[in-house]
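Engineer: From the sequence below, what's the structure:
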Amino acid sequence: MEKAHHLGVDIGGTKVAFRVEAGAECVDESAFRWDPRHSAARDLAQLARHVGELRTRIAAPLRAVGVAMPGTVDPAGRITAWPSRPEWNGLALDESLRALFPEAAVAWADDGDLGALAEARASGCDDLLYLGVGTGIGGGLVLRGALCPGLGRGSFEIGHVIVDMGGAPCVCGRRGCLQAIASGPATLRRAAHLRGAPATFEELRRALHEGQPWAVTAVEETCRALATAVSGVQELVHPQRVLIGGGFAAGIPGLVGLVSDHLAGLARPGQPPLPVEPAALGGLSSLRGALALARQIAP
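Structural biologist: Down below sits the predicted model:
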């Protein structure tokens, strides 16, 4: 008997990743980068092309599809805000996804929440805070093995926790959000300002390795902001550990250790700092969480 095929889709601001599993076996994994921003219709057409190619490769029906989505979606399934791709604002997400996968059960959830769920399962920790540092900053909180606040009850938006009242403007319209200070693009903008010239990701990595002050300062400020946000969460809900993932964080050597150092400096007397570790799944947390969601809705 052929095993059921489950698909996880991680829709990001710059790329989309897919992973298909049949039972415990990965049968297909791929990704593509979005074309230059134009319209939601064009993005959906590009997504549909890649889904069609995926169907051809696996040559089997999909039982269920789980989608990790970074945008804010209202109870009716309509996107109300996605700063990285504002062209999607107002899009009926549920309807669009079901049109792409008419034969399968389909569900979506916040990418940070799904990343946290996948990391909790991979690490065997039922109480953890997850931060995904990439194009934006996502995250999730798992308490007693369950997502907080829970699927369908809103997402854990740590990227929009304000960590600097006079900080940089955020795409959400406020100032000083964690995402506006510590995301990959925000870090590169700060590095370019300190350097006095544009700085690519690879240039930042190389300069950090060489100890160049502009690179060290740019990354230190990112890590300080991340630690500040973590410290606030710790005061409220006391998770057992912090895991940091996402593509940008995974590509910066020493970032996790720097966050840990700053978090230790913020600890109150009598309150030990939280352990900070790299995410077990690296930049794949949200994708694996999307697969877990697919299995949840249709085992």
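Engineer: Show me how the chain divides into domains.
Structural biologist: Here the domain parsing of the chain from automatic domain parsing is 5-113+284-297, 124-282.
Engineer: Any stretches of the stretch 101-250 of the chain with poor pLDDT?
Structural biologist: Counting by pLDDT under 70, the stretch 101-250 of the chain contains low-confidence ranges at 151-153.
Engineer: Which parts of it are helices?
Structural biologist: Across the stretch 101-250 of the chain, reading from the start of the chain, the helices by DSSP state H, counting those that start in this stretch fall at 111-123, 178-182, 184-195, 201-210, 213-237, 247-251.
Engineer: For residue 266, which of these is the nearest?
Structural biologist: If you check each of the helices of the stretch 101-250 of the chain against residue 266 by C-beta to C-beta, helix 213-237 wins as the nearest, at 4.4 Å. In short, each C-beta sits where N, CA and C put it, glycine included.
Engineer: Now do the buried residues in that closest one.
Structural biologist: Going by neighbour count (16 or more other C-beta atoms under 10 Å), the buried part of helix 213-237 is 214-216, 218-219, 221-234.
Engineer: Quickly list what residue 140 is bridged to.
Structural biologist: The residues listed as beta-bridge partners of residue 140 by DSSP bridges are residue 130.
Engineer: got a list of what it touches?
Structural biologist: With contact set as C-beta atoms under 8 Å, 6 or more residues apart in numbering, residue 140 has these partners: 110, 112-117, 129-130, 147, 155-156.
Engineer: ok, now with 6 Å
Structural biologist: By C-beta atoms under 6 Å, 6 or more residues apart in numbering, the contact set of residue 140 is 112-113, 115-116, 130, 156.
Engineer: cool, and residue 250?
Structural biologist: Listed by C-beta under 6 Å, 6+ apart, the contact set of residue 250 reads 282-283.
Engineer: what's the answer for residue 155, then?
Structural biologist: Under the contact definition (C-beta under 6 Å, 6+ apart), the residues listed for residue 155 are 110, 113.
Engineer: Could you rerun that using 8 Å?
Structural biologist: Per C-beta under 8 Å, 6+ apart, neighbours of residue 155: 72, 109-110, 112-113, 140, 149.
Engineer: separation between it and residue 296?
Structural biologist: When distances are taken as C-beta to C-beta, to the nearest Å, residue 155 and residue 296 turn out to be 17 Å apart.
Engineer: swap in residue 40?
Structural biologist: Distance of residue 40 to residue 296, computed by C-beta to C-beta: 27 Å.
Engineer: would you list the helices of the stretch 101-250 of the chain in JSON lines and tack on distance to residue 14?
Structural biologist: Listed next are the helices of the stretch 101-250 of the chain as JSON lines, based on distance: least, C-beta to C-beta, whole Å:
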{"stretch": "helix 111-123", "distance to residue 14": "13"}
{"stretch": "helix 178-182", "distance to residue 14": "14"}
{"stretch": "helix 184-195", "distance to residue 14": "10"}
{"stretch": "helix 201-210", "distance to residue 14": "12"}
{"stretch": "helix 213-237", "distance to residue 14": "18"}
{"stretch": "helix 247-251", "distance to residue 14": "9"}
